[in-house]
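*Asks:* Provide a 3D model corresponding to the input given below.
(2 chains)
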Amino acid sequence: KAGVTQTPRYLIKTRGQQVTLSCSPISGHRSVSWYQQTPGQGLQFLFEYFSETQRNKGNFPGRFSGRQFSNSRSEMNVSTLELGDSALYLCASSSSTVTYGYTFGSGTRLTVV
Amino acid sequence: QQPVQSPQAVILREGEDAVINCSSSKALYSVHWYRQKHGEAPVFLMILLKGGEQKGHEKISASFNEKKQQSSLYLTASQLSYSGTYFCGTESASRLTFGEGTQLTVNP
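*Replies:* Numbering: from 1, shown residues only, chains lettered A, B, ... in the order given. This is a model prediction of the structure:
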């Protein structure tokens, strides 16, 4: 079956702009989680969506937001980009119970200049 | 609260064994283990559930001590393909929190 698909793979944005990243989970998976990965901070949890509802949110400023659609696809948006937002953004999908682990997408590499 | 992993890095020769530890200050329902190779996404290895059930990789084993809130990943007879960064993740309220990772290098 198809894996988790994230688009775009690479993105270069200017400070102050906004960006939208997309994640299509594995078919049948209803939970989508987003993570920010940087060399110094590791994998930092952004938020988790299940059946279009945000169930949990990490410690990120309000500039980071997300949503999930009825087909379980998810988007995350970052407004007023800062240089420090440069990172690899990963999404992970899981079934309703997580007992089989998360499947990660290849990520979107965002560079803010 | 982020789980704590040790060691931060380990270098092995092919065929040697390694143990990676993960501890948490919070009560754990489950512990996940993932491996990430450079430039790639993390890949699920194993999940250990409260009560002793394990699901995951055939060649890698792990333990979960619920009372001590600790988990250990055992890599035996390491292969070159085992190189990468290993993350443990602790689950709470629909949120998987990862440790900082252990960088494992297996040399010929």
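*Asks:* looking at chain A, what residue ends up closest to chain B?
*Replies:* Closest to chain B within chain A is A:Gly101: 3.6 Å, counting by Cβ to the nearest Cβ. Yep, even glycine has a C-beta here, placed from its N, CA and C like the rest.
*Asks:* what kind of secondary structure is that residue in?
*Replies:* Using DSSP: H, G, I helix; E, B strand; the rest coil, the structure places A:Gly101 in coil.
*Asks:* surely it and B:Ile47 touch.
*Replies:* Yes - counting by Cβ atoms under 8 Å, A:Gly101 sits close enough to B:Ile47 to count as a contact (5.2 Å).
*Asks:* in its sheet, what does the lengthiest strand in chain B sit against?
*Replies:* In chain B, taking DSSP state E as the definition, the longest strand is strand B:84-92. Strand B:84-92 has its sheet partners listed here by DSSP bridges as strand B:30-36 (antiparallel), strand B:95-98 (antiparallel), strand B:102-107 (antiparallel).
*Asks:* for A:Asn56, which of those strands is the nearest?
*Replies:* Comparing the strands paired with strand B:84-92 against A:Asn56 with Cβ to Cβ, the closest turns out to be strand B:95-98 (4.4 Å).
*Asks:* for chain A, which residues are neighbours of chain B?
*Replies:* A:31, A:33, A:35, A:42-43, A:45, A:48, A:50, A:55-56, A:58, A:90, A:92, A:98-107 (Cβ under 8 Å from any Cβ of the partner chain).
*Asks:* at 10 Å what do you get?
*Replies:* By Cβ under 10 Å from any Cβ of the partner chain, the residues of chain A that approach chain B are A:3-4, A:6, A:31, A:33, A:35, A:37, A:40-45, A:47-50, A:54-58, A:88, A:90-92, A:94, A:98-107, A:109.
*Asks:* quick one on the thing from earlier: burial check on the residue of chain A closest to chain B, number of neighbours?
*Replies:* 23 (other Cβ atoms under 10 Å in any protein chain shown).
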